[in-house]
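S.K.: my questions concern the predicted model and sequence given below.
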Amino acid sequence: MQINNSVNKIKAVLLCGGKGERLYPLTDRLPKPLLNIKEKPILSYIIDHLYQYNIMDLIILTGYKSNKIESYISKNYPNSNIQIINSGDVDIINRIKDAIDFIDDDLVLLYGDTISNIDIDKLFQFHRLSGNEVTMSVWPLISQFGIVEIDDMGKVTGFKEKPKLDKWINIGYFYFNRSVFDAIKESSSFAELIESFSAQGILGAYKHEGIHITINTVKELSDAEKNISNIYKERK
């Protein structure tokens, strides 16, 4: 595995506080970020990917079964610069607010259930060259169904099985300039915050067309088991 030698001083914040209810009963015992894919927790894939880009200063925002995450980090990442903030059962925006006072510079925000081979150096370069204050990473939307094109006479003129659509979905890996921290503190919801940045014209989109795995359901967890090895093939 090739390790990136760039030095990134930025602090990464990982959202790991949700209950993962769509993965019940698996999440009755463990929080979603600690569910295994090929005997390795989701959270570990994310941390190790950040480490490849020398992003070593992390804040993990927890809530549900925080003690499990605290124990895992203590055992598997001893002497690391990983801080855990347990905000309890609150909205995402409140978790982020709890982290702001511990951040002196810009931050990158990740979802704790999303694994990707995104090139973080390229993401940061895109952000800095764009002039935007906030960047969201996006990925092509893939239809879950075969798309049929039909003419006025009812004749099928085209068919594509689960094609990539001309739409993009949010996959996290947000870059926030410190200049927007006050807006974060004043916001009442994360969705409203991102919509506000878009309305102000200060939100950019970094297009990632590589591998993206999000785990919200048992089926997605099963799919991740089948596809996780592709990330390692890409990193060689």
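M.R.: Done, it's in.

S.K.: and Tyr53, how far from Phe124?
M.R.: Tyr53 sits at a distance of 9 Å from Phe124 (criterion: Cβ to Cβ, to the nearest Å). C-betas here are computed from N, CA, C, even on glycine.

S.K.: got a list of what Pro33 touches?
M.R.: By Cβ atoms under 8 Å, 6 or more residues apart in numbering, the contact list for Pro33 reads Leu14, Cys16, Pro41, Ile42, Leu43, Ile46, Ile69, Gly112, Asp113.

S.K.: likewise for Trp168?
M.R.: Trp168 makes contact with Val138, Trp139, Pro140, Leu141, Ala205, Lys207, according to Cβ under 8 Å, 6+ apart.

S.K.: at which residues are the strands of this structure located?
M.R.: For the chain, strands defined by DSSP state E occupy the ranges 11-16, 36-37, 40-41, 58-62, 82-86, 107-111, 114-116, 134-142, 147-150, 156-160, 164-170, 174-176, 203-207, 212-214.

S.K.: name the residues that touch the third one?
M.R.: Applying Cβ under 8 Å, 6+ apart, the set of residues contacting strand 40-41 from outside is Pro33, Leu34, Leu35, Tyr72.

S.K.: so what's the nearest residue to Phe126 once chain neighbours are set aside bridging to?
M.R.: Nearest non-adjacent residue to Phe126, counting by Cβ to Cβ, 6 or more residues apart in numbering: Tyr206, 4.9 Å away. For Tyr206, the beta-bridge partners under DSSP bridges are Ser137.

S.K.: show the pLDDT at Tyr206.
M.R.: Looking at Tyr206, its pLDDT is 97.

S.K.: so it touches Thr135, yeah?
M.R.: Yes. If you go by Cβ atoms under 8 Å, Tyr206 and Thr135 touch, sitting 5.4 Å apart.

S.K.: which stretches of the chain have low pLDDT?
M.R.: Per-residue confidence for the chain (pLDDT under 70) gives these ranges: 1-8, 163, 165, 231-236.

S.K.: tell me where it has helices.
M.R.: Using DSSP state H, the helices found in the chain span residues 42-52, 66-76, 92-100, 120-130, 181-186, 190-200, 218-235.

S.K.: which parts of the fourth one are buried?
M.R.: By neighbour count with 16 or more other Cβ atoms under 10 Å, helix 120-130 contains the buried residues Ile120, Leu123, Phe124, Phe126, His127, Ser130.

S.K.: how close does the fifth one get to Leu43?
M.R.: Spatial separation of His127 from Leu43 under the definition Cβ to Cβ is 24 Å.

S.K.: residues near Leu30, how many?
M.R.: By other Cβ atoms under 10 Å, 18 other residues sit near Leu30.

S.K.: picking that back up, output the helices of the chain as CSV; include the columns distance to Asp28.
M.R.: Formatted as CSV, the helices of the chain follow (distance: least, Cβ to Cβ, whole Å):
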stretch, distance to Asp28
helix 42-52, 17
helix 66-76, 12
helix 92-100, 22
helix 120-130, 34
helix 181-186, 32
helix 190-200, 26
helix 218-235, 13
